[in-house]
Each structure stands twice: as C-alpha cells, then as structure tokens.
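Turn this into a structure:
(2 chains)
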Amino acid sequence: MAVSRHADAVAPVRASGPFSIWITRHVSTGIGSLGRLLRQPVASLMIVLVIAVTLALPAAINVVVKNARAVSGSWDNALDFSVFLKQELSLSEAEGLARLIGQRADVDSVELISSSDALAEFRLQSGFGAALDQLPDNPLPHTLVVRPSGGNTSASLILLQEEIGNLPESDYVQVDTEWVQRFHAILDIVRQAIVIGSALLAAAIVVIIGNTIRLDIENRREEIEVTKLIGASNAFVRRPFLWTGFWYGLFGGLMALALVHYALFLLEDPVARLAGLYQSKLAIASMDAVESAAITGIGVFLGLFASWFTAARHMRRIEPR
Amino acid sequence: MIRLENVTKRYPGGQEALAGLDLSVDTGEMVFVTGHSGAGKSTLLRLIALIERPTGGQVIVDNQNTRRVKRRKIPAYRRQIGMVFQDHKLLYDRPVSDNVALPLIIAGVSHRDAARRVRAALDQVGLLHKEKKSPVTLSAGEQQRVGIARAIVTRPKLLIADEPTGNLDPDLSLEVMRIFRRFNEVGVTLLVASHDIALIDKLGCRRIALEEGRLQEEIDPWL
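As a prediction, this is how the structure comes out:
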C-alpha cells in the first residue's frame, strides 16, 4: 500500500533474487566491519598481533621439527646394525640367513661379512697380524650388516632388532646407533607436544577473539537494541560481528605467516654458515603452500568460531527494553 | 487493525500496568491514547510491538494473535509495524540517510531501491536536504522527523508512536502531528500515545483515556 504521493517514484521494486541480495548484504557488512576495524588501527593491530604470535609459535616449532627430521633422515645409514652369528654356523648357512632376512619388508638390504673377510680386514686395520697368525682358528664369527628400510619408526626398529636377535642362528645384535633412535623418539615427543600445545593455543585465540567481540557487542548494545526494535533478526545483528571475527582471524593468520617466514629468513645465513663448516649443503625447508594455507585457514576458522559462539550467546540476551 | 480483549499486564512485583483493557482500532483510523504517566500508555504500545507479552487477554494486530507469534518470528512481525519513539532512537554514528535506510536493509531491499525509497521518505518529512547530515547536528524536531521517516520507509499499514512530541515545543509538535495526519489520509492506521490533550483536540481524532490501566473515557469527535 502506498503511503505517499511519491508512491510512483518508489513503487517498482527491482526484483533481485534472494541469493544476490544475500551476497550484496554480506559484502557490504563485511566491508563495513573491516572499516570499523581500520578506524581503530592500533587496537585492531594489537589483537591481530596477539593472534599472529599465538599461531606463529606452533607453526615455527613445526618447521624446526620438520627440518630436524630431514637432517636426521640423512643419517639413515647410521641406523644399520650388526648381527654376529653363532660360531658354529657355516658360510652357506650364513648366506641363506642373509637372503631370508633380506626378504623382509622392513629390511632394505643385508650385507654378509664372512669370518674370513672380517679377519682379513681386522688384520689390515689393527696391526695385530703376527698375533693373529698364532691363533689356531679364526675367532671371528660371520656377521650380517642389516640396513632397515626407510618406513621404519623407532618402535618398529627395536622390534626388528629383537626379532633378528632372537633367531637361533644369531648370537648378538649390536646397535651402535641408539642415540639416533633416541633422537627420533624425542622428535616424536616434540611432535605430540606441538599437537597438545596447539590445541591450548587455539583455545587461547578463541578466548581472545571472543572477549574482543564481547566488548564490541557491549559497546554497540544500544545500536543492537534499536536495530532489533525495528525488526532485525538475531542473524542480522550477528552478521557484522562474524565478519569482525573473520577479519581478525584472516589478518592474524597472514601475519603469523609473515612472522614465521621472517624468522626463517633471519636463520638462513647462520644455518648456511654452520652447514658450510660441515661441508654440507643443508638448507632450511620453509613452510610449503599447504602449510601456509593451513595456518591462514586455521586463523580464519578460529576467528569465525569464536565470534559465532560469542555473538550467538550475547545477541539473544540483548532485547529492546 | 488492533483489538485488545480483556488485556492485563502485571509486572514482577505486583504492579499492574493494564487491568482488563478492551480496545479496538479500525483500519485507517488515527487514534490517540492519553493518560498520566504510569496510566499504561507505553505498556499498551509495547504489547502491540511485542516488546512485552500480556499477562492475560488477547492482543490481535492485523488479524494476528500476538500470543501465537513465536519468539523467532518477532523480527518479521515487527517489520510490518512502523514505530516512532519519544527519544527517536536514532543511530548517531551514521548519517540520516543510513538511519532511514536501516529497515530496508534489514528487509533485504536492494541498495538502489533503498536509496530511492529513503529519499522519498525524507521528502515526506521535509528533510531531503539533510540526507547526508549526522543526526547529532539536527534539532530535536528534525531528529524526530528522521525517526518518522525511518518508521514509514517500509510503508507499513500500522504506525505506532510513543509520546512522539514529548520533547518538542508546541509548534514542532503540531508539525509532527500534521505529518502523521498526512499518512493517515493515505490509509495508514495510527495509534499515538500522548499527554498533550490540547494538541490532540486540534486534530479532531478519536481519543482513548487510560487511568491505572483501565479505560477511563473515550472521546470521539464524530459522534
């Protein structure tokens, strides 16, 4: 029904679909929320920084662990272990056993050092040649040098060593490389710790953003009341706050990314120098595209979750009086 | 348009704002509710706007029993009613045009249509030239006219106003009432709470006087 003499001017309501209305509304609300954040640049930047640091911390540790893994991965040959076989085993029996172990899925290769080879090598390297000649028999057993396949975890390595050690033919298994396993075990613990720590930090981000949004809602309480009074739904009054959370999360994530990359950039030269001392060409592996997207995505998700949770809780309570 | 049947509203603490009120406003009527403060005028309007719910009785607005309007549906219900407040309830952080556009934005009207309708509504209250101004820079009378423009921009069938001239001097009050009158002439139903009996008498409309939540007298100049 027309209220005015100007009804002609307003009567034809342009029919735009509900979806395009929804999009335009969201875009304008999003831009509005961004503008609101930019009008208080210092306060907004502080919150973004807190979120960024909180996100950057686990991301940076993750990069360190990743690099440590890569370095220790090149120590694969250090994971070889020696199996001294029983004295009474013949060479052909030893060869058979070497083939058998070599067929295991968790074993990459097996090298057989026959007792005579071992003696020859020992003679050469030890300088006890004359003394050895006095011995009636060769005191050295046949030895298998087992190289485990790359897919082994520290737990499965121990299992492999035990199984081979328990074979009736084997006398003694010598692992010179227990420290590598310990190192891997430590890395595993650090990995677990990152997961747990990240969950706690994520909770912290939710609390930080949630609290900021809550204050924002309190500050705009009157506006929310008036808007509701003239027929706005909870979803409508909630929307700008969801966008605020989104922006916080997005900028926090992007800044975390920048922080990690900057830290890695600072470390590049010292690492290259260290690697140079070891005649190695070690370079830091940075965050790849997936990891970078993940950290930004996590920021956005936490921002949205926090603001949605807070806004949903508080909007229902604010009713016109 | 509005029918109240034996409506009571009791606040926690036992204070009775409305005590068995029967009332009826026809479509196209302009009706004033008068009475001292505390007589129940505001409560009556708040029940119609569903800001509060009655303790007893029925409030029927445009053939909808407000009792049956679920909480989730209240926003949609309110969008059918134009509301004008004594303290204007404008948003002071945005210009006049955005204030008037707010109900249209809520209703999901496209930006271009909203801009046209906002200008039409401001034109009707004589404030088209103040479109870009901030409400703080306007006088009380102008602010109230912005509030009215916002209330009518969605072209509601029913307009309710709580003491719309409460803060205005007699000249401005008369101007506001004339604006209301013009809307009434094009078919809008109006229910206006006011204590300014001298002003109401000039307009020659039906007047319902409340006292202590009851109908005290009903004056109809046409009878």
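
any idea which helix or strand comes after the longest helix along chain B?
Taking DSSP state H as the criterion, chain B has its longest helix at helix B:170-185. Sequence order places strand B:189-193 as the next helix or strand after helix B:170-185, per DSSP states H and E.

does that following strand come close to chain A?
No: remark: strand B:189-193 sits outside contact range of chain A, by Cβ under 8 Å from any Cβ of the partner chain, the gap being at least 10.5 Å. Heads up, the C-betas are built off the backbone N, CA and C, glycines and all.

Output the contacting helices and strands for that strand.
The contact analysis (3 or more Cβ pairs under 8 Å, 6 or more residues apart in numbering or on different chains; DSSP states H and E) places strand B:189-193 against strand B:30-34, helix B:41-48, strand B:158-162, helix B:170-185.

which one of the ones you listed lies closest to chain A?
For these, the distance to chain A is smallest for helix B:170-185, at 5.8 Å, taking Cβ to the nearest Cβ.

Need the residues that contact the closest one.
For helix B:170-185, contacts defined as Cβ atoms under 8 Å, 6 or more residues apart in numbering or on different chains pick out A:3, B:28-30, B:124-125, B:140-141, B:144-145, B:148, B:152, B:159, B:161, B:164-165, B:168, B:190, B:192, B:196, B:199, B:202-203.

CA atoms only for that helix, dumped as PDB, please.
Extracted C-alpha coordinates of helix B:170-185, given in PDB (Å, rounded to 0.1, in the frame of the first residue of the first chain):
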ATOM      1  CA  PRO B 170       4.200  23.300  20.600                       C
ATOM      2  CA  ASP B 171       5.000  24.500  17.000                       C
ATOM      3  CA  LEU B 172       7.200  21.500  16.300                       C
ATOM      4  CA  SER B 173       4.600  19.200  17.900                       C
ATOM      5  CA  LEU B 174       1.900  20.400  15.600                       C
ATOM      6  CA  GLU B 175       4.100  19.900  12.600                       C
ATOM      7  CA  VAL B 176       4.900  16.300  13.600                       C
ATOM      8  CA  MET B 177       1.200  15.600  14.200                       C
ATOM      9  CA  ARG B 178       0.400  17.100  10.700                       C
ATOM     10  CA  ILE B 179       2.900  14.700   9.200                       C
ATOM     11  CA  PHE B 180       1.100  11.800  10.900                       C
ATOM     12  CA  ARG B 181      -2.200  13.200   9.700                       C
ATOM     13  CA  ARG B 182      -1.000  13.100   6.100                       C
ATOM     14  CA  PHE B 183       0.000   9.500   6.400                       C
ATOM     15  CA  ASN B 184      -3.400   8.700   7.900                       C
ATOM     16  CA  GLU B 185      -5.000  10.400   4.900                       C
END
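
so it versus strand B:189-193, what angle?
On the basis of axes from the mean of the first three to the mean of the last three Cα atoms, to 10 degrees, helix B:170-185 is oriented at 150 degrees to strand B:189-193.

Can you list the buried residues in helix B:170-185?
Neighbour-count burial for helix B:170-185, counted by 16 or more other Cβ atoms under 10 Å in any protein chain shown, picks out B:172-177, B:179-180, B:183-184.

again with stretch A:198-214
A:198, A:201-202, A:205-206, A:208-210, A:212-214.

what helix or strand is the spatially closest residue to residue B:159 that is not a sequence neighbour on?
Spatial nearest neighbour of residue B:159, excluding adjacent residues (Cβ to Cβ, 6 or more residues apart in numbering or on different chains): residue B:82 at 4.1 Å. Per DSSP H and E: residue B:82 is located in strand B:81-84.

Direction included, what does that strand pair up with?
strand B:158-162 (parallel) (DSSP bridges).

For the partner strand, buried residues please.
So, applying 16+ other Cβ under 10 Å, buried residues of strand B:158-162: B:158-162.

in the stretch 151-300 of chain A, which spans are strands?
Under the criterion DSSP state E, counting those that start in this stretch, strands of the stretch 151-300 of chain A are mapped to A:170-174.

neighbouring contacts of the helix or strand hosting residue A:27?
Using DSSP H and E, residue A:27 falls within helix A:18-39. With contact meaning Cβ under 8 Å, 6+ apart, helix A:18-39 is reached by A:44, A:239-241, A:243-244, A:246-248, B:105, B:108, B:110-111.

relative to strand B:30-34, how tilted is the helix or strand of chain B with the lowest mean pLDDT?
Of all helical and strand segments in chain B, the minimum by mean pLDDT, DSSP states H and E falls on strand B:214-219, at a mean of 82. With the same axes, to 10 degrees as the basis, strand B:214-219 and strand B:30-34 are set at 130 degrees to each other.

Which members of the buried residues of stretch A:198-214 are the farthest-apart pair?
A:198 and A:214 (24.0 Å; Cβ to Cβ).

I figured residue A:241 hits residue A:218, correct?
No: counting by Cβ atoms under 8 Å, residue A:241 stays clear of residue A:218, with 11.5 Å between them.

So for the two, which residue has more residues nearby?
residue A:241 (25 against 11; other Cβ atoms under 10 Å in any protein chain shown).

could you dump stretch A:272-285 to CSV, C-alpha only?
The C-alpha coordinates for stretch A:272-285 follow below in CSV (Å, rounded to 0.1, in the frame of the first residue of the first chain):
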residue,chain,number,x,y,z
ALA,A,272,74.3,-21.9,5.8
ARG,A,273,77.5,-21.0,7.7
LEU,A,274,77.1,-24.0,10.0
ALA,A,275,76.4,-26.3,7.1
GLY,A,276,79.5,-24.9,5.4
LEU,A,277,81.6,-25.9,8.4
TYR,A,278,80.4,-29.5,8.0
GLN,A,279,80.9,-29.3,4.2
SER,A,280,77.2,-30.0,3.9
LYS,A,281,74.7,-28.2,1.7
LEU,A,282,72.0,-28.0,4.3
ALA,A,283,69.2,-25.5,3.6
ILE,A,284,66.2,-24.8,5.8
ALA,A,285,63.0,-26.2,4.4
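
what ranges of the stretch 201-321 of chain A fall below the confidence cut-off?
Counting by pLDDT under 70, the stretch 201-321 of chain A contains low-confidence ranges at A:279-282.

Show me what from it comes close to chain B.
Residues of the stretch 201-321 of chain A lying near chain B (Cβ under 8 Å from any Cβ): A:223, A:226-234, A:236, A:319-321.

coming back round to it: ChimeraX command for the buried members of the contacts of helix B:170-185?
To isolate the buried subset of these in ChimeraX, counting by 16+ other Cβ under 10 Å, use the following:
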select /A:3 /B:29,30,124,125,141,144,145,148,152,159,161,164,165,168,190,192,196,199,203
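
Next step: the contacts of helix B:170-185 restricted to helices.
B:124, B:140-141, B:144-145, B:148, B:152, B:199, B:202-203.
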